[in-house]
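Q: Here is my input; please provide its structure:
(one chain, ligands or ions: 1)
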Amino acid sequence: MRTVVIGGGPAGLISAYFSAISGDDVSLIEKNEKLGKKLYISGKGRCNVTNDCTEEEFLENVVSNPKFLMGAIYKFSPEKFMEFLSKKTPLKTERGNRVYPISDKASDITKCLESYLKEARVDVRLNETVLSVNQHEGQICSVTTDKEKIDCDKVIVCTGGASYPLTGSTGDGFKFAKMLGHSIVEPKPALCGINLKGDFYKQLQGISLKNVRLTAYRGQKQIFSDFGEMLFTHFGISGPIVLSASSYINRSNANDITLKLDLKPALSNEQLDARILRDFDKYKNKQVKNSLDDLLLKGLIPVIIKGAEVNGEIKNSEFKAENRKKLVDTIKGFTMKPSSLRDLNEAIVTAGGVSTKEINPKTMESKLVKGLYFAGEVLDVDALTGGFNITVAACTAYVAGNS
Ligand SMILES: Cc1cc2nc3c(=O)[nH]c(=O)nc-3n(C[C@H](O)[C@H](O)[C@H](O)COP(=O)(O)OP(=O)(O)OC[C@H]3O[C@@H](n4cnc5c(N)ncnc54)[C@H](O)[C@@H]3O)c2cc1C
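A: Have a look, this model is predicted:
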């Protein structure tokens, strides 16, 4: 069997290896001058390669089409993936079960996968771009590159998504899939910052928050809620819980989304009110705006007072209970309206891609063209941060390579 793997990211490297050791004659074609360009910048250069969790926990972190992924993750679980990598690269597990190479060097993950390819005698071709994938009577027959035409029986498309295009992931796989009759779920940015309406956030730029809860509503319906860290930026908000929120709101019209920020999730409204009263007592005779320093970061106070529509200039002893309630409600549910998400170019992953409805989840083969397979981010599967996206690439690649 002559197999061509398109793309030298984690999906391409892993599918090429498993395809080769199961007896195929494999060529891997990568348009860049080196393999794993996106891997190299992953996890801030440290590569959070997987998450040391169970298959069930893994699937809870998959945002789009977790059911499609079920078979693949049980075949090549995080545990099996770690076992596979650690034969050549020692790994370590950090907070949140995030797994990294012990060296903290993403390049060691690429080196490890390259070493597997060498062992399996995969023919690796760099600086070569696939231009089209060709079929004859519903069966893959060749690929055309900028250098030659390669006859083959099987093609595994591992071209990634369309985010961070400088790494080589420019959405070519979507184009190939479409030409072969596949439906593409519109690519959208995921795991990215959120642009906000208004300009209040400019005043907050640079403020980082810890232990806060961010909740997203579509109309009245809650579609996301998480606890953790975030920050205000020149465009709106970013940081871990914001990235996660983006993956849940990216299919909605921004006008329908409301974000609520709970700055004191550990306190009930009553507890917070009692706390404010205690602080007012401590700062007797001070203005309200000068009585909240123990409770809130200084930069937040004017924005919260404005958001609550109360007068911060009056003495706290004159501040009525109804105004305190407004303050409490604002601290527990500061409202922000998104205007849009950040651009796909800056998104950590692409949501959308080749529709999973037309792919056999047991093999990753196209239901439309024989010998055509897909693996990795090119598929309409995306997950949260924590090492889940590289593992999506790995388990789909394992299945495609072994089929
Ligand atoms: C800044 C950043 C940090 C990230 N950090 C993490 C992390 O820590 N953990 C995690 O799990 N995920 C992380 N991700 C996401 C993760 O890197 C991707 O989901 C993963 O790389 C997808 O793997 P892939 O093999 O499907 O695609 P890619 O890694 O995108 O690889 C696709 C390859 O195909 C090649 N290609 C494309 N078209 C052609 C063509 N026509 N001919 C030849 N070659 C072609 C490209 O050049 C590219 O090398 C991060 C992403 C970014 C942008």
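Q: buried sites along the host helix or strand of Lys306?
A: Assigned by DSSP states H and E, Lys306 falls within helix 301-308. Buried residues in helix 301-308, counted by 16 or more other Cβ atoms under 10 Å: Ile301, Val303, Ile304, Ile305, Gly307, Ala308. All C-beta atoms are positioned from the backbone trio N, CA, C, and that covers glycine.
Q: how far off helix 301-308 does whatever helix or strand comes next after it point, in degrees?
A: As assigned by DSSP H and E, the chain's next helix or strand after helix 301-308 is helix 321-332. Interaxial angle, helix 321-332 versus helix 301-308 (axes from the mean of the first three to the mean of the last three Cα atoms, to 10 degrees): 110 degrees.
Q: CA atoms only for helix 321-332 - export them in CSV, please.
A: Coordinates of the C-alpha atoms in helix 321-332 are reproduced here as CSV (Å, rounded to 0.1, in the frame of the first residue of the first chain):
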residue,chain,number,x,y,z
ALA,A,321,-28.7,49.6,51.8
GLU,A,322,-30.3,49.7,48.3
ASN,A,323,-27.1,51.1,46.9
ARG,A,324,-25.0,48.5,48.8
LYS,A,325,-27.2,45.9,47.1
LYS,A,326,-26.4,47.4,43.7
LEU,A,327,-22.7,47.3,44.6
VAL,A,328,-22.9,43.7,45.7
ASP,A,329,-24.8,42.7,42.5
THR,A,330,-22.2,44.4,40.3
ILE,A,331,-19.3,42.8,42.1
LYS,A,332,-21.0,39.4,41.8
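Q: any idea how far Lys332 lies from the ligand?
A: From Lys332 across to the ligand, the span is 33 Å (Cβ to the nearest ligand atom, to the nearest Å).
Q: Run a quick neighbour tally on that residue.
A: Neighbour count for Lys332, taken as other Cβ atoms under 10 Å: 18.
Q: residues in contact with it?
A: Asp262, Leu263, Lys264, Asn269, Leu272 (Cβ atoms under 8 Å, 6 or more residues apart in numbering).
Q: Which of the residues you listed fall within helices?
A: If you go by DSSP state H, the contacts of Lys332 have Asn269, Leu272 in helices.
Q: Kindly supply the PyMOL command isolating those of the contacts of Lys332 that are buried.
A: With 16+ other Cβ under 10 Å as the burial test, the buried ones among the contacts of Lys332 are selected in PyMOL as follows:
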select buried, resi 262+263+264+272
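Q: so what's the residue in the chain sticking out farthest from the centre up against?
A: In the chain, the residue that sits farthest from the middle, by Cα atoms, centre = their mean, is Asn285; the gap is 49.1 Å. By Cβ under 8 Å, 6+ apart, the contact set of Asn285 is Lys315, Asn316, Ser317.
Q: Any chance of those in CSV with pLDDT, distance to the ligand and neighbour count as columns?
A: Formatted as CSV, the contacts of Asn285 follow (pLDDT from 0 to 100; distance: Cβ to the nearest ligand atom, whole Å; neighbours: other Cβ atoms under 10 Å):
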residue, pLDDT, distance to the ligand, neighbour count
Lys315, 95, 50, 15
Asn316, 95, 46, 23
Ser317, 94, 52, 12
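Q: before we move on, back to that, and the residue farthest from the centre of the chain, what element?
A: With DSSP H and E as criterion, Asn285 is part of no helix or strand.
Q: distance of it from Gly9?
A: Distance of Asn285 to Gly9, given as Cβ to Cβ, to the nearest Å: 63 Å.
Q: which residues in this protein form helices?
A: Going by DSSP H, the chain shows helices at 10-21, 37-41, 55-60, 66-75, 78-86, 106-119, 172-179, 200-204, 240-249, 269-282, 301-308, 321-332, 388-402.
Q: Of the buried residues of helix 301-308, just say which sits nearest to Val130.
A: Val303 (50.8 Å; Cβ to Cβ).
Q: ok, that closest one touching Gly198?
A: No: Val303 is not in contact with Gly198 according to Cβ atoms under 8 Å; the separation is 10.5 Å.
Q: Does the ligand have contacts with stretch 38-48?
A: Yes: remark: stretch 38-48 sits within contact range of the ligand at Lys38, Leu39, Ile41, Ser42, Gly43, Cys47, Asn48, by Cβ under 6 Å from any ligand atom.
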